[in-house]
Each structure stands twice: as structure tokens, then as C-alpha cells.
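Chemist: 3D, please:
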Amino acid sequence: MKDFLLDTETNDIAFKDGDLAFGEADQQNQMLLLVCEKGSFKEFPSTCVGASSYLEAEDPASFLREVRTQFTADGMTVRKIGFENNKLKVDASY
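Modeler: Alright, predicted model coming up:
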């Protein structure tokens, strides 16, 4: 999905040649859904995962279920989601 891009270091709007930077934003949108807490998007207060709230969870299944639910609700097709070598691996796209 093409959208405006955020600067990966500051998470501020990225500019290119004096204008907004546009490009593929699938990974950017996934990151935002993962790290933002519910209520972060005022128009859709139940959107987002809030990954930090799952940091001390004993069972990662609820986290993975919430990620799948939020990605699907955002219009993505989730083919695979899970942990590999203690890193979240997501195979999802619009």
C-alpha cells in the first residue's frame, strides 16, 4: 500500500525534495499497529495492539491473537505470524 512515509529514526513525517515522502508503507503500518496503544487513533479507539502491555505476559498466544485480529481488521491478509529466535515474524500484506 502506498502512503506517506515516516522518518524511521524520529517517527516524524519524512520529506523528500521539499515534499512529503511517499512509498510502500506496509511495514510502517504494521509497526504503528504493534507499538501504539488502544486509543491512540481517536477515530478508531479500539485499533492497535499496544505491544508494550504484553512484555511480561507468560503466554505469547494472546499477543499473537491480538496482532492477527488487528492486522486483519486493518485489511491485511495474515499468512503467518509467530516468534522465531525470540523475534516477531509477520507475513502479512494488504
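Chemist: CA atoms for contacts and neighbours, from now on please.
Modeler: Will do.
Chemist: can you tell me how far Ala21 is from Met31?
Modeler: To Met31, Ala21 is 18 Å away according to C-alpha to C-alpha, to the nearest Å.
Chemist: sorry, that was for Ala61
Modeler: 19 Å.
Chemist: now stretch 63-73, how far from the centre of its chain.
Modeler: On the basis of C-alpha atoms, centre = their mean, to the nearest Å, stretch 63-73 is displaced by 10 Å from the centre of the chain it belongs to.
Chemist: just the CA trace of it, in CSV.
Modeler: Only the C-alpha atoms of stretch 63-73 are listed here, as CSV (Å, rounded to 0.1, in the frame of the first residue of the first chain):
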residue,chain,number,x,y,z
PHE,A,63,-0.4,-11.3,21.9
LEU,A,64,-0.2,-13.2,18.7
ARG,A,65,-4.0,-13.4,18.6
GLU,A,66,-4.4,-9.7,19.1
VAL,A,67,-1.8,-8.9,16.4
ARG,A,68,-3.7,-11.2,13.9
THR,A,69,-7.0,-9.6,14.9
GLN,A,70,-5.8,-6.0,14.4
PHE,A,71,-3.9,-6.7,11.2
THR,A,72,-7.0,-8.5,9.7
ALA,A,73,-9.3,-5.6,10.9
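Chemist: identify the residues contacting that stretch?
Modeler: 30, 33-34, 47-49, 51, 54, 77-78, 81-82, 92 (C-alpha atoms under 8 Å, 6 or more residues apart in numbering).
Chemist: got the contact list for Phe41?
Modeler: If you count contacts by C-alpha under 8 Å, 6+ apart, then Phe41 has Thr47 around it.
Chemist: how about it, secondary structure?
Modeler: What DSSP: H, G, I helix; E, B strand; the rest coil gives for Phe41 is coil.
Chemist: the helices in the chain, which residues?
Modeler: 26-35, 61-73 (DSSP state H).
Chemist: that older thread, Ala61 and Met31 - which one has more neighbours?
Modeler: For Ala61 versus Met31, the count of surrounding residues by other C-alpha atoms under 10 Å is larger for Met31: 14 against 11.
Chemist: which two among the contacts of stretch 63-73 are spaced furthest apart?
Modeler: With C-alpha to C-alpha as the measure, no two of the contacts of stretch 63-73 lie farther apart than Tyr54 and Thr77, at 23.0 Å.
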